[in-house]
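Engineer: from the sequence below, what's the structure:
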Amino acid sequence: MRMQWRSLRDSARARASIRNALYGAMEYIVLPLTMLLATPFLLHHLGIVQFGLWVLASAAVTSSNLISTGFGDGALKYASMYRGKADASRFEHTVRVNVTINLGLGGILASVLWFGSPLAVRSIFKIVPTLQSDAVTAFRIGSAILIVRCIESVLTGALRAHERYAPAVQISIVSRAAIVIVACAVVWQGHGIVTIMSATLCVVAFSVLVQAVAVRILIARIWPLPSFDRLAFADVFRFGCFSWLQAFAGCVFNQADRLVVGALLGTPAVGYYSICVQAAQPIHGLIAAALHFLFPHLSARLSTASAAELRGVVMSIVRLNALMAAVMCIPMVLFSNVILRLWMGAAFAAHAWIALSIIALSFGLLSLNVSAHYALLALAQVRLVATLNLLGGAAMLISMLLLAPRLGLPGAAAARLLYGPITLLMYPRLRRLLSPSALNTHTELGQLIVSGTEAR
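Structural biologist: Numbering: from 1, shown residues only. Here you go, the predicted model:
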């Protein structure tokens, strides 16, 4: 292992990957950190009902965005591949096809969000009558935010395909921090959810413009306009239809649970639940953001790296993944009551500390799959990744529907424990693919992937 780390340290490519990992971690840290600092202020000035409404509107937008941009892994896979081959034309076609797919799916979901918001507000989430009009407006502003974020994901994906994480992250950090800061300023002036969502739309739109400029300066003069290229569409769709299913399952784990809690337990419960998730989510999210570089890195190197290099890099990242998960998960599981009392106060802690311990454990279990997830995507094993995530999401959602009405907030939290262990079944496949007896075959398979042939 010492030799592996020495080789990584001495490699310029590895050093660039480490920088990308640090930038990925920085991007993820900013929003949770700013939200951790701002939540007591926002909760005090908005109240638990309006705060819960903001969480619901944000979850609706974020979950829709995850679904509409679910083909992004397919685009990233092939954009990285063509970047590795220095084929600028195919790279641009892949990026623009991704725009077409994202806007198509995003437009459908934005329409559902726009026209379905009155029914959702009155019948599903049972918002109090005095806030129903503002809630409908907030959800409809969210539909516009969704369309803008669809474009943003294409631009950030283009930068990441070139392993240029720094500019994308720097822009994202400023944008994410600005959203929370503006929300605090709006609340301080006595405004509510509608003004917060309007300000968010303005910040996100400006961020997209800056991302577009960064792409044109740092990569190529690419206009993020829709187009249809048959070869690029076939590449992205073949891989992306499974990554879309995986994104849908991830949306269930990371966003739709709030919607279920809101429908079953009411808006105040969403506030308690979402704050617990907000506290525990960095256990998985930070690790996933830090190790994301593994996906484009392996995708670009699959046909050129030696078998020993592939195995050494992946196994080193797996060990790092496990260490990070343990260090981040165990303290929160054991000291959830103390954390909530110091952060949100004794009354809040009394309601939610059990839920936080359970949710922290669920994210710890889920975070163990990160290195296998990205490695298998790079190795064209997207079907297995999608299947296991779908199974995990379905098991969690069904359990939540059964447990939340009976056990309340702890029951909703306990349902999340099923997802992680199911996804850990990725590791047997990864171990077989990287075993010494399979590596020669695997290298040949990697060459087929780079030539554009689907790997089986």
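Engineer: what about the strands in this protein?
Structural biologist: Ranges of strands within the chain: none, based on DSSP state E.
Engineer: and for residue 323, the neighbour number?
Structural biologist: Residues near residue 323, counting by other C-beta atoms under 10 Å, number 10. For the C-beta atoms, the positions are set from N, CA and C on the backbone; glycine is no exception.
Engineer: list the contacts for it?
Structural biologist: Applying C-beta atoms under 8 Å, 6 or more residues apart in numbering, we find residue 323 in contact with no residue.
Engineer: pLDDT at it, what is it?
Structural biologist: With respect to pLDDT, residue 323 scores 93.
Engineer: quick one: it from residue 128, how far?
Structural biologist: Between residue 323 and residue 128 the computed distance is 46 Å (C-beta to C-beta, to the nearest Å).
Engineer: likewise for residue 185?
Structural biologist: Taken as C-beta to C-beta, the span from residue 185 to residue 128 is 25 Å.
Engineer: please apply the same query to residue 139.
Structural biologist: 15 Å.
Engineer: which one's more surrounded, these two?
Structural biologist: residue 139 (24 against 12).
Engineer: ok, for the more buried one, nearest residue in space, not its chain neighbours?
Structural biologist: Nearest residue to residue 139, sequence neighbours excluded (C-beta to C-beta, 6 or more residues apart in numbering): residue 117, at 3.7 Å.
Engineer: residues contacting the one you found?
Structural biologist: 135-136, 139-140.
Engineer: show the pLDDT at it.
Structural biologist: At residue 117, pLDDT is 84.
Engineer: again with the one 5 residues further on
Structural biologist: What the model reports for residue 122 is a pLDDT of 78.
Engineer: contact partners for it?
Structural biologist: With the criterion set at C-beta under 8 Å, 6+ apart, residue 122 makes contact with residue 132.
Engineer: the one 4 residues further on now?
Structural biologist: Taking C-beta under 8 Å, 6+ apart as the contact definition, residue 126 lies against 263, 266-267.
Engineer: now it: how far from residue 53?
Structural biologist: 11 Å.
Engineer: about what we covered before: and the contacts of residue 126 as TSV, adding distance to residue 210 and neighbour count?
Structural biologist: Below are these laid out as TSV (distance: C-beta to C-beta, whole Å; neighbours: other C-beta atoms under 10 Å):
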residue	distance to residue 210	neighbour count
263	37	17
266	39	16
267	35	22
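Engineer: got those as CSV, with distance to residue 375 and pLDDT columns?
Structural biologist: CSV is the format used below for these (distance: C-beta to C-beta, whole Å; pLDDT from 0 to 100):
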residue, distance to residue 375, pLDDT
263, 37, 79
266, 41, 77
267, 40, 71
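Engineer: of the residues you listed, closest to residue 198?
Structural biologist: The nearest member of the contacts of residue 126 to residue 198, counting by C-beta to C-beta, is residue 267 at 21.1 Å.
Engineer: determine which two of the contacts of residue 117 are furthest apart.
Structural biologist: Greatest spacing in these, by C-beta to C-beta: 135 and 140 (9.8 Å).
Engineer: pretty sure residue 265 sits against residue 404.
Structural biologist: Yes - between residue 265 and residue 404 there is a contact under C-beta atoms under 8 Å: 6.1 Å.
Engineer: compare neighbour counts for the two and give me the winner.
Structural biologist: residue 404 (24 against 18).
Engineer: next, count neighbours for the closest residue to the more buried one other than its chain neighbours.
Structural biologist: Distances taken as C-beta to C-beta, 6+ apart put residue 412 closest to residue 404, at 4.2 Å, once the chain neighbours are dropped. Close neighbours of residue 412, defined as other C-beta under 10 Å, add up to 29.
Engineer: ditto for residue 118
Structural biologist: Residue 118: 15 neighbours (other C-beta under 10 Å).
Engineer: what sits closest to it if chain neighbours are left out?
Structural biologist: residue 136 (5.4 Å).
Engineer: show me what contacts residue 276?
Structural biologist: 352, 355-356, 359, 413.
Engineer: any idea how far it is from residue 354?
Structural biologist: 10 Å.
Engineer: and for the two, which residues touch both?
Structural biologist: residue 413.
Engineer: which residues in the stretch 251-400 of the chain form helices?
Structural biologist: 257-265, 267-280, 282-290, 294-301, 307-334, 336-344, 346-367, 370-378, 382-407 (DSSP state H, counting those that start in this stretch).
Engineer: now the fourth one and helix 307-334, what's the angle there?
Structural biologist: I take that to be helix 294-301. 180 degrees (axes from the mean of the first three to the mean of the last three C-alpha atoms, to 10 degrees).
Engineer: please name the nearest non-neighbouring residue to residue 173.
Structural biologist: What sits nearest to residue 173 in space, not counting adjacent residues and going by C-beta to C-beta, 6+ apart, is residue 30, at 4.7 Å.
Engineer: lovely, talk soon.
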